[in-house]
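> Generate a structure from the sequence data that follows.
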Amino acid sequence: MATVLIIEDEVNIAAMIRTCIQSEGHHCQVVYDGKAGVDAFRQLQPDVVILDLMLPEMNGLDVCTHIRQSSKLGQKDPYIMMLTGKTEEIDRIIGFSTGADDYMAKPFNPVELTVRLRALLRRELRRHNAEPDDCLETTHLEINQGMRSVHLKLPNGDREGVKFTTLEFNLLVTMAQRPGRVWSRSQLLDMVWGDDFDGDDRIVDSYIKRLRQKLCNNDRFEKSQFIHTASGIGYSFLDSSEIAS
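Numbers count the residues shown, from 1 in each chain. Next up, the predicted model:
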């Protein structure tokens with residue numbers, strides 16, 4: 001049984017979501033504004049947060065950012081599904097840039113919500129089933145799947161930790177396990193988001209951009225040090241031996 005936090009100011013929609021979640025046997029809590037959502041997150045430490053974009057007191061983007069920042073301080077790092085009445089591409093990109101794992105545009109089918117929730121929770125199960133000593137090491141990276149940690153090997157011999165959201169980490173591990181393989185967007189969606197994901201495949205581009213930004217922070221490495229673009233095909237992971245000057 002999972003714990004789900006619903007942050008939604010429209011009472012009827014919140015009630016419908018709660019019914020869907022409880023019908024799956026999960027525990028849930030509902031709050032109706034952004035500030036109450038932040039407080040509930042701290043207390044509940046949920047596995048999944050279903051978060052409306054437009055909220056009173058504090059908007060959904062700010063709530064999402066707060067949750068991701070809190071995870072860096074040792075609090076739960078939940079999956080976040082963002083709900084929005086806006087369907088323009090810019091809103092989706094902004095939502096994902098703050099750390100949302102999935103989105104649904106209103107109005108939505110309750111069955112689709114249930115399917116998306118199941119997909120998120122399957123990823124959570126895979127995360128907990130990872131072997132504690134299942135490590136990947138490349139020229140400049142150390143990835144521990146059990147601890148869900150990533151460290152950069154710096155030129156001076158130091159190790160620097162890099163914090164990733166759950167889906168960012170899963171995407172990196174998927175690619176790093178097969179260095180040199182070129183993955184199409186659809187293949188990465190199937191492997192990381194699940195074959196029942198029905199969103200825009202350009203979400204992969206947004207996540208690749210975020211991986212590059214975090215791995216190459218402060219220009220220690222070139223943009224293409226780890227994630228390479230295969231024009232017209234997709235992306236591959238290959239940690240080259242050359243360090244950016």
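> Please make it C-alpha for all contacts and neighbour counts, starting now.
Fine.
> Count residues in the vicinity of residue 82, would you?
Here the number of neighbours of residue 82 (other CA atoms under 10 Å) works out to 24.
> ignore the last one, residue 121
16.
> Next one: it from residue 187, what distance?
Separation of residue 121 from residue 187 (CA to CA, to the nearest Å): 20 Å.
> One more: residue 139?
From residue 139 over to residue 187 (counting by CA to CA), the distance is 25 Å.
> which ones are touching residue 30?
Counting by CA atoms under 8 Å, 6 or more residues apart in numbering, residue 30 touches 5, 6, 7, 8, 14, 18.
> So which bits of the helix or strand where it lies are buried?
Assessed by DSSP states H and E, residue 30 sits inside strand 27-31. Across strand 27-31, burial judged by 16 or more other CA atoms under 10 Å covers 28, 29, 30, 31.
> Tell me who's in contact with the closest residue to residue 159 other than its chain neighbours.
Spatially, and ignoring its direct neighbours in sequence, residue 159 is nearest to residue 153 (4.9 Å; CA to CA, 6 or more residues apart in numbering). Counting by CA under 8 Å, 6+ apart, residue 153 makes contact with 139, 140, 141, 142, 159, 160.
> Check those residues against residue 64 and report the nearest one.
residue 160 (25.0 Å; CA to CA).
> Please tell me the pLDDT value assigned to residue 146.
Residue 146 is assigned a predicted lDDT (pLDDT) of 77.
> Helix or strand: which one has it?
Assigned by DSSP H and E, residue 146 belongs to no helix or strand.
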